[in-house]
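K.L.:
please find the sequence and the predicted model below.
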Amino acid sequence: MGAGNGNLVNTRNIGIAAHIDAGKTTTTERMLFYSGRVHRMGEVDDGNATMDYLPQEMERGITITSAATTYNWRECVVNIIDTPGHVDFTAEVERSLRVLDGLVVILCAVGGVQPQSETVWRQANKYHIPRIAFINKMDRMGANFHDVLHQMRKRLGADGLALQIPIGAEDAFEGVVDLIERKAVYWRDELGVEPVEEPIPAALAELAEAFREHLIVSLADASPELEEKYFSGEDPTPAEMRAAIRKGCLEKGLVPVLCGSAFKNKAVQPLLDAICYYLPSPVDIPPVEGIDPDSGETVVRRASPEEPFSALVFKVVSDAFTGQLSYLRVYSGRIANGETVLNSTTGRKVRVGRLLRMHANRREDVQQAQAGDIVAAVGLGKVMTGETLCDPRHPLVLERITFPEPVISMAIEAKSKADEERLAEALEKILGEDPTFAVRTDKETGQQIISGMGELHLEIVKDRLRREFSVESNVGKPMVAYKETITQIATGRGQFIRQTGGKGMYGDVTLRLEPLPRGGGFEFADETVGGCIPKEFIPAVEVGAREAMESGPMQGYPVTDVRAVVVDGSWHEVDSNEVAFKIAGAMAFRDAYMKASPVILEPVMLVEVVTPEAHMGDVINDLTSKGAAIQEMFPSPGDTQTIIAHAPLAGMFGYATQLRSLTQGRATYTMQPLTYQPVA
């Protein structure tokens, strides 16, 4: 998006992120309206918001996929990605943050800093993304700007800089005091199109001056020029203050804070201004680094159209009209329709069919894209999320995006024989789009098992199968995605010897298994000496071990965190072949595995419950009865308490209903995968 925009300095690639229900999609809708991108405002509650275009999003009033769009404001072309707020779709946020330069975090003036806002904040810290905070819903009962500002500092460790203070709150919210320009701004017309500037009301004059003084003192640390002016008693100009805020935001982690009410069409334009003033352009962020696949050396690419082409595929969508759409962030160089580029992750060359600029689910063709653009490409074949596209003459591989593993599974089957093939095709398409979704076949029962990040995640998959792919399916109850591992070192032997009339089969392998730390996955090594197993048969032993791990000998769950080392074996000149060594490798693995004190691992979740003080005891007792370990408790706004606990997933199914009945519907909770631990 912004394709063909020659001036990189005026490009902004930003995301909008927040806790579910903080008003993220509503705010985006207003931004598109005021910038002239759409000519009427959609509403989430009416199911006609531009960015929530999936039927599941319209029904539930939540954002599930990251929608992308572009608009122009002042001199800038802004590419914007609206990300989901529900914890089951954290991966959508993660993949978006990987390719964004700046972030607008929307906080609710009533709910304050909620659990998912913290998760997004931590993800943004990981990628060092400059951000602006917008405290929304100032018109709602219980709105408190100053309280949220305090929570930002306390719970997020954010260096929040108020650039405005609200005029009134709740029903009386009228507008904002602009601390930089020293004036009050009101939005009195129904659509909020005409800002009206007036002097600061007398009742707020003292508070506004105190806030402005604090703002200048905070900026003096980031800007020596401003510090000099401040100490000599001179008042900095608005332009000087903005330059210092931009510098502090990009270099020192300062977070400009604005406020308003998107739903009531008040104070959205200053947010549009702030995105242009304070968030980085592709030129302001460090050059992207990758690895040369041939030499293994680090390669740096600056954000310039003159550099060799490089781009990251950050999202893949199957589209009814065009086949597969691959969303690209172009980091350097140029790309045009019809060009051939290298997929350096797989080593295959692919031809770019068409380039599209996306506006949620509408699209327009563009002839070329260049550094700093976000576009969708058609015709790249089976490209996966996180793969790198580059100039074939200057190959590099960019760092992949890491995603959490699925923790919840359910069996799925087509309702009719006729649907079986279509179900397999549909699941493969969803698999290509969603890196946190997995499909496997259970060897014992022959059932197809789908896995995801939570109950809502799998519910949406089932819904999409019915609506998008017209496949009716039956699903079983949600199940925990258990795993198996070992706790000790052990050695085992596998011999596969078959003598038949003709050529026989001979494979003999001794394997040592060692436990790896959590998250270690699988490692394989060869320590054989003296050619007891010829080198060409060693890969077959690894394949056998990997196949044995798919269904653990203990209870049939996938095996993880194991290192397998080939230590000995023997072979036969005539009868040995790869198949024999693969089978022997699997037999040796199973033999050693049962001697290595295997254990079942279960997913443990990080659970955060916000409950009124009166129900605190009941909630804690209930969590403890589910095997949860309470980690900490602290007061939150409005006489509520926050409880953080680590809980085995098995006890948490249907928790939403239980929590509702325990607290008369007044508590809320979020849950996300934390780690795997042995079953107690």
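P.N.:
Cool, the structure landed.
K.L.:
which parts of the stretch 151-300 of the chain are helices?
P.N.:
202-222, 224-231, 238-251, 269-278 (DSSP state H, counting those that start in this stretch).
K.L.:
minimum distance to E527: which of those has it?
P.N.:
Comparison of the helices of the stretch 151-300 of the chain against E527 by CB to CB identifies helix 238-251 as nearest, at 50.6 Å. Bear in mind the C-beta positions are built from the backbone N, C-alpha and C, glycine included.
K.L.:
what's the angle from the closest one to helix 202-222?
P.N.:
Between helix 238-251 and helix 202-222, the angle comes out at 60 degrees (axes from the mean of the first three to the mean of the last three CA atoms, to 10 degrees).
K.L.:
pick the most buried one from the helices of the stretch 151-300 of the chain.
P.N.:
Of all the helices of the stretch 151-300 of the chain, helix 269-278 carries the top mean neighbour count, a mean of 20, counting by mean count of other CB atoms under 10 Å.
K.L.:
just the C-alphas of that one, formatted as PDB.
P.N.:
What follows is helix 269-278, C-alpha atoms only, in PDB (Å, rounded to 0.1, in the frame of the first residue of the first chain):
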ATOM      1  CA  GLN A 269      -8.400  14.100  14.100                       C
ATOM      2  CA  PRO A 270      -5.600  15.000  16.600                       C
ATOM      3  CA  LEU A 271      -4.800  11.200  16.600                       C
ATOM      4  CA  LEU A 272      -4.400  11.300  12.800                       C
ATOM      5  CA  ASP A 273      -2.100  14.300  13.200                       C
ATOM      6  CA  ALA A 274      -0.100  12.500  15.900                       C
ATOM      7  CA  ILE A 275       0.500   9.500  13.700                       C
ATOM      8  CA  CYS A 276       2.100  11.800  11.100                       C
ATOM      9  CA  TYR A 277       4.000  13.900  13.600                       C
ATOM     10  CA  TYR A 278       5.400  11.300  15.900                       C
END
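K.L.:
where in the stretch 251-400 of the chain is pLDDT low?
P.N.:
Residues of the stretch 251-400 of the chain that meet the criterion pLDDT under 70 lie in 319-322, 359-362.
K.L.:
OK, contacts around D568?
P.N.:
Residues counted as contacts of D568 (CB atoms under 8 Å, 6 or more residues apart in numbering) are 509-510, 528, 532.
K.L.:
in PyMOL, how would I select just the buried ones from the residues you listed?
P.N.:
Here is the PyMOL selection string for the buried members of these, based on 16 or more other CB atoms under 10 Å:
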select buried, resi 509+510+528
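K.L.:
I'd like the contacts of D568 as TSV, with secondary structure appended.
P.N.:
Output for the contacts of D568, formatted as TSV (DSSP: H, G, I helix; E, B strand; the rest coil):
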residue	secondary structure
V509	strand
T510	strand
T528	coil
C532	coil
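K.L.:
what's the least confident stretch among the helices of the stretch 151-300 of the chain?
P.N.:
Among the helices of the stretch 151-300 of the chain, helix 224-231 has the lowest mean pLDDT, at a mean of 83.
K.L.:
any chance of the contacts of D568 in TSV with distance to K582 and pLDDT as columns?
P.N.:
What follows is the contacts of D568, written out as TSV (distance: CB to CB, whole Å; pLDDT from 0 to 100):
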residue	distance to K582	pLDDT
V509	10	96
T510	15	96
T528	16	92
C532	17	92
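K.L.:
closest to A377 among the contacts of D568?
P.N.:
Looking across those and measuring by CB to CB, the closest to A377 is V509, at 46.0 Å.
K.L.:
wait, the closest one touches A586, no?
P.N.:
No: counting by CB atoms under 8 Å, V509 does not reach A586; the two are 9.2 Å apart.
K.L.:
which neighbours do the two share?
P.N.:
Here V509 and A586 have 494, 544 as joint contacts, going by CB under 8 Å, 6+ apart.
K.L.:
ok, for V78, nearest residue in space, not its chain neighbours?
P.N.:
Distances taken as CB to CB, 6 or more residues apart in numbering put R12 closest to V78, at 4.5 Å, once the chain neighbours are dropped.
K.L.:
how close does the one you found sit to D159?
P.N.:
From R12 across to D159, the span is 21 Å (CB to CB, to the nearest Å).
K.L.:
the more surrounded of those two?
P.N.:
Legend: neighbour count by other CB atoms under 10 Å for R12 and D159, higher for R12 (24 against 16).
K.L.:
look up phi and psi at that one.
P.N.:
phi -130, psi 120 (degrees, to the nearest 10).
K.L.:
hang on, it packs against G102?
P.N.:
Yes: if you go by CB under 8 Å, R12 and G102 touch, sitting 6.4 Å apart.
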